[in-house]
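Engineer: mind folding the following:
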Amino acid sequence: MAQAAALAYKDESSIERQAYDWAFDRVRHHHTRFTPPFPLQDTQAYTMACDDMIVTAFRGTEPAQIRDWLSDVTTPPWPGPAGRGFVHYGFGEALQSAFPEVRDTLAEFRDSGQTVWFTGHSLGGALAMLAGARMFMEEPRLQADGIYTYGQPRTCDRMLAEEHNKAFDQRMYRFVNNNDVVAQLPPEPVYRHVDALRYLDSEGKLRDSMPVVGRLLDRAKGATADPLAPMSDGVRDHSIKKYIAALEKNLPK
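Structural biologist: Now for the predicted structure:
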């Protein structure tokens, strides 16, 4: 899933070549452009399908491009899926621009009971989480069997987070790499993370759980690891390449 999330940053021909190498025989691209003053340029995603599974991966964006608007808590909230809770308006509008096409593609591609998966990095992680929530609450016949996100920002309020936790117990995996700055935005308490944290510590070890104090100490360790660039760890840790490298280290030998 991390590799699929990384692939979302590639051009369409590269996505198709890799999907076919992975034995997915159908690929559909989703691309919506925005006009100012919307803070994002576009929403991009792709869906690939084979006889056994369907994966929709949402493209993310870099910290420098989203840090300011992620920190903005003054914008009006966007209603959550099926009217439950709310999300940051940027996430809501970004998903809405692509959701009908993603939904219709899943309905078309799911012709033999395939499992359905959502994934994404950064902003793409937020969109993957919300897409899963919308399918579950609005299109249950297309609900996801699992959601994997990497460096996902805080996405919604407490009500929607709790609804999502119940709906995707043991089916949501929210990976955070040590000091990843995007995973710390937008600020609490207005916005919340969903549960199911999978934490990659300062040494790259994957932890299913870690006490708050231990995590704070580990983040401090990571932040001071590079004496030539102190406190720059948050941006470096956000790279999808860093996530993939750390996850590969945790694979069974």
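Engineer: point me to the helix or strand that includes V102.
Structural biologist: Secondary structure from DSSP states H and E places V102 in helix 89-109.
Engineer: now for that helix, which elements pack on it?
Structural biologist: Where contact means 3 or more C-beta pairs under 8 Å, 6 or more residues apart in numbering; DSSP states H and E, helix 89-109 is packed against strand 26-33, strand 42-49, strand 53-58, strand 78-79, helix 123-138. The way it works is simple: take the backbone N, C-alpha and C, and place the C-beta from them, glycine included.
Engineer: how about the ones you listed in TSV, adding mean pLDDT?
Structural biologist: Compiled in TSV, the helices and strands packed on helix 89-109 are given as follows (pLDDT from 0 to 100):
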stretch	mean pLDDT
strand 26-33	93
strand 42-49	93
strand 53-58	98
strand 78-79	90
helix 123-138	95
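Engineer: dump these to JSON lines, plus distance to P252 and mean neighbour count.
Structural biologist: As requested, these are exported to JSON lines (distance: least, C-beta to C-beta, whole Å; neighbours: other C-beta atoms under 10 Å):
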{"stretch": "strand 26-33", "distance to P252": "30", "mean neighbour count": "16"}
{"stretch": "strand 42-49", "distance to P252": "26", "mean neighbour count": "23"}
{"stretch": "strand 53-58", "distance to P252": "22", "mean neighbour count": "26"}
{"stretch": "strand 78-79", "distance to P252": "41", "mean neighbour count": "16"}
{"stretch": "helix 123-138", "distance to P252": "25", "mean neighbour count": "26"}
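Engineer: could you export the ones you listed as a markdown table, including distance to V181?
Structural biologist: Listed next are the helices and strands packed on helix 89-109 as a markdown table, based on distance: least, C-beta to C-beta, whole Å:
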| stretch | distance to V181 |
| --- | --- |
| strand 26-33 | 26 |
| strand 42-49 | 22 |
| strand 53-58 | 19 |
| strand 78-79 | 23 |
| helix 123-138 | 13 |
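Engineer: just the helices in the stretch 151-253 of the chain please.
Structural biologist: Under the criterion DSSP state H, counting those that start in this stretch, the stretch 151-253 of the chain carries helices at the ranges 158-167, 212-223, 233-236, 240-249.
Engineer: and of the helices and strands packed on helix 89-109, who's closest to E16?
Structural biologist: strand 26-33 (5.0 Å; C-beta to C-beta).
Engineer: how about residues contacting the closest one?
Structural biologist: Strand 26-33 is contacted from outside by 12, 15-16, 19-20, 41-50, 97-98, 101-102, 105, 109, using C-beta atoms under 8 Å, 6 or more residues apart in numbering.
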